[in-house]
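Undergrad: 3D model of this:
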Amino acid sequence: MIRLLGTILIASLAAVVTAGAAGAQVLNDTLPNEIDGLEIVDRRGDAVPRDIPIMNSAGETVLIGDYFDGERPTLLLLVYYSCPKMCEVMLNRMNNAINDVTFDVGEDYQVIVVSFDHANTTSMAKSKEIYHHAAYARGLDEVGRNSFLFHTATAQDARRLSDSVGFDYRFLPQSGEFSHPSVMYLLTPDGRVANYLSGLEYDAKQLRLGLLGASDGKIANSISDFFLHFCFVYDPNAGAYSVEAMRVMQIGGILSIIAVGSLIGGLRIAESVRRRRAARDNNDGNGNGGIAGRSPRSAAPQVSGAGS
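TA: Model (predicted):
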């Protein structure tokens, strides 16, 4: 288990204290017992059970495995729609990241949001879906809309899904809210946990690297994507990608070999061309040594053997 308490998003850091008629909310200095030990479990490589039922914003029950099409990676976000603030911050930061990343929702990857609060309703999921679809800066075609979906789940199914990816959450009776990590999961096209990005700052570059990693580089659309995929490695302790010096050195060595080989090859070609030109110029300078219209052999006198 990897304890990432530094990245834990507390929906309610402590019991809420009501201050007079103004109803002001104040946070205590200490964390409640309910969140002690809250952690993210490293489930990378584990498969999400395909038979977990969730309900989409149209009120239809679907299996989460139906979304794993074997072609596109999945961005999975676990939140709850009645969260007073922090989950909406997570969703907005996610929208900022997917707006800035070079890959397109629908064509390159899909976004699946699931509420782990069984009290959340289909209408709440629909409201969130409409809002965040409109917030996608590049616009969504039909494929995009069907690839950016919000869901609810029963308490049992929500817990089963969250456990499968290593996501923990706790209910705080004092406030009626949940504490949970701020984490975004990247799943492979066949539904395995590839990596996760933790913290509130969902950076577009980190998301790009996460999607490249989840797809094993298959959605790369440029040479720069190839170098990013090769040179950056995932650090589970940080919940983010960082540059790998050895891989950068390997790339540098390969490029140096290519550059030196190209230089040597170019010099050899240039030398070969120079020698051919010199040989041609030499032949043109010496020319034909005999009389015009006659070959050197025909210029030699023909001696008859008669009379010898």
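Undergrad: export stretch 52-63 as CSV, just CAs?
TA: Output of stretch 52-63 as CSV, limited to C-alpha atoms (Å, rounded to 0.1, in the frame of the first residue of the first chain):
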residue,chain,number,x,y,z
ILE,A,52,-19.7,-4.3,-12.2
PRO,A,53,-23.1,-2.6,-13.0
ILE,A,54,-23.4,1.2,-13.0
MET,A,55,-26.2,3.4,-14.1
ASN,A,56,-25.7,6.0,-16.8
SER,A,57,-27.3,9.5,-16.9
ALA,A,58,-30.3,8.1,-18.9
GLY,A,59,-31.1,5.7,-16.1
GLU,A,60,-29.9,2.6,-17.9
THR,A,61,-27.8,0.0,-16.2
VAL,A,62,-24.7,-0.9,-18.0
LEU,A,63,-21.6,-3.0,-17.2
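Undergrad: adjust the sequence numbering to begin at 613 for everything that follows.
TA: I'll keep to 613 as the first residue from here, and by that count the last item is stretch 664-675.
Undergrad: check which residues of that stretch are buried.
TA: Going by neighbour count (16 or more other C-beta atoms under 10 Å), the buried part of stretch 664-675 is 664-669. The C-beta positions use only the backbone N, C-alpha and C, and glycine is treated the same way.
Undergrad: could you list the low-confidence segments of the stretch 813-920 of the chain?
TA: Judged by pLDDT under 70, the stretch 813-920 of the chain has its weakly predicted residues at 831-879, 896-920.
Undergrad: ok, 50 please
TA: Filtered on pLDDT under 50, the stretch 813-920 of the chain yields the residue ranges 834, 836-842, 856-865, 867, 901-905, 910-911, 915-916, 918-920.
Undergrad: so which of the buried residues of stretch 664-675 are in helices?
TA: Using DSSP state H, no member of the buried residues of stretch 664-675 sits in helices.
Undergrad: now tabulate those in CSV and tack on distance to Asp769.
TA: Output for those, formatted as CSV (distance: C-beta to C-beta, whole Å):
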residue, distance to Asp769
Ile664, 6
Pro665, 6
Ile666, 7
Met667, 9
Asn668, 13
Ser669, 16
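Undergrad: between these, which sits nearest His744?
TA: Nearest to His744 among those: Ser669, at 11.0 Å, using C-beta to C-beta.
Undergrad: wait, the closest one touches Phe760, no?
TA: No - shown here, Ser669 and Phe760 do not form a contact pair, counting by C-beta atoms under 8 Å, at 10.6 Å.
Undergrad: just to revisit the earlier point, let's see which of the buried residues of stretch 664-675 end up in strands.
TA: Judged by DSSP state E, the buried residues of stretch 664-675 include 665-668 as members of strands.
Undergrad: which one of the buried residues of stretch 664-675 is nearest to Ser794?
TA: Distances from Ser794 to the buried residues of stretch 664-675, taken by C-beta to C-beta, are shortest for Ile666, at 21.0 Å.
Undergrad: which stretches of the stretch 613-762 of the chain have low pLDDT?
TA: Looking at the stretch 613-762 of the chain by pLDDT under 50, you get 613-649.
Undergrad: surely Phe728 meets Tyr693?
TA: No - proximity of Phe728 to Tyr693 does not meet the contact threshold set by C-beta under 8 Å, at 10.2 Å.
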